[in-house]
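>>> generate coordinates for the sequence data below:
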Amino acid sequence: MLKQISAALALSALSFSAFAQNEGISVSGSVSKQVEPDEMIIQFSVSTEEEEIQDAFTGTEQKSAAIIEYLQSLDELCEVSTQHISLGEQFEWTNGRAERVRVGFTASQSLQVKLKDFDLYPIVMAKLIELGVNNVGGVSFSYSGAQDLRNSMRVEAIQIARSKASEVAEALDVQLGSAVEFTEAGSPSFRQRAELSNSFYLADGEQAEGSISPGKQTIRMEVHVRFAILAPQE
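Numbering: from 1, shown residues only. The predicted structure follows:
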């Protein structure tokens, strides 16, 4: 009988140990904060169509160089970068769409500018159009301190998760061990598309009535942590 009791106790201790090792206490913690975006990202492109490939390429290069020079003159108020360059043939259909004939070449260059002063938007857009921009791919907003904020929010979320785990361990009358598994999920370094009103630019570059509202954005950090349960001391 004594052997059976000892065996049962040993099995119980083994089961608890296995639970502590393989299961533990799984909890989550989350933090959300609203921020006001402080950067505007404008994606645009310039293109040139010419009969000769070199002329098309040169035309686009000249436009892009003038645009980059202008944007760089704004110093710390903006950042400009080239995103994509393409060069290809241009065709037209003739004879009732029976034949496809090459009529020239198109060279294009896509750029991105990051404005740190929203008041510059109408001025910059008017100048870009004047310098040859013929396509605006989109306008979005971002928050420059997103990564630093996420780092601090991660610590807060972990503290919340640990507090939850401690409460569970106390309720179960067990001793909480160290974290054995950790994952996180949250909003990335986000961008928010701009909600544009019906604004347009006049032939002389002046902006007609219109506005851009960046609004507020939410950054969220959520962590999932599994803590071990320490085996009872004999």
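
>>> could you point out the longest helix in this protein?
When the chain is parsed with DSSP state H, its longest helix is helix 146-172.

>>> what's the next secondary structure element after it?
Heading C-terminal from helix 146-172, the first helix or strand you meet, by DSSP states H and E, is strand 175-186.

>>> if you count neighbours, what's buried in the longest helix of the chain?
By neighbour count on 16 or more other C-beta atoms under 10 Å, the buried set for helix 146-172 is 146, 149-150, 153-154, 157-158, 160-162, 164-165, 168-169. In short, each C-beta sits where N, CA and C put it, glycine included.

>>> looking at these, spot the one nearest G96.
Closest approach to G96 among those (C-beta to C-beta): A146, at 55.4 Å.

>>> do you know the pLDDT at the closest one?
Looking at A146, its pLDDT is 92.

>>> what of the one 3 residues further on?
The score at L149 is 95. That number is its pLDDT.

>>> who's in contact with it?
33, 35, 143, 219 (C-beta atoms under 8 Å, 6 or more residues apart in numbering).

>>> and those residues, which is closest to A65?
Y143 (31.3 Å).

>>> in this structure that closest one contacts Q217, no?
Yes - if you go by C-beta atoms under 8 Å, Y143 and Q217 touch, sitting 6.3 Å apart.

>>> who has more neighbours, the two?
Shown here are Y143 and Q217; by other C-beta atoms under 10 Å, Y143 has more neighbours (21 against 18).

>>> what sits against that one?
35-39, 149, 190, 217, 219.

>>> outside of stretch 161-176 itself, which residues are in contact with it?
Identification of contacts with stretch 161-176 by C-beta under 8 Å, 6+ apart yields 25, 27-29, 179, 223-225, 227-230, 232.

>>> so how do I select the buried members of the residues you listed in ChimeraX?
Here is the ChimeraX command that picks out the buried ones among the contacts of stretch 161-176, judged by 16+ other C-beta under 10 Å:
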select :25,27,29,179,223,224,225,227,228,229,230
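
>>> and the contacts of stretch 161-176, which two are the farthest apart?
It's V223 and P232 that sit farthest apart of the contacts of stretch 161-176, by C-beta to C-beta, at 28.2 Å.

>>> A228 falls within a helix, correct?
No - secondary structure of A228 (DSSP: H, G, I helix; E, B strand; the rest coil): strand, not part of a helix.
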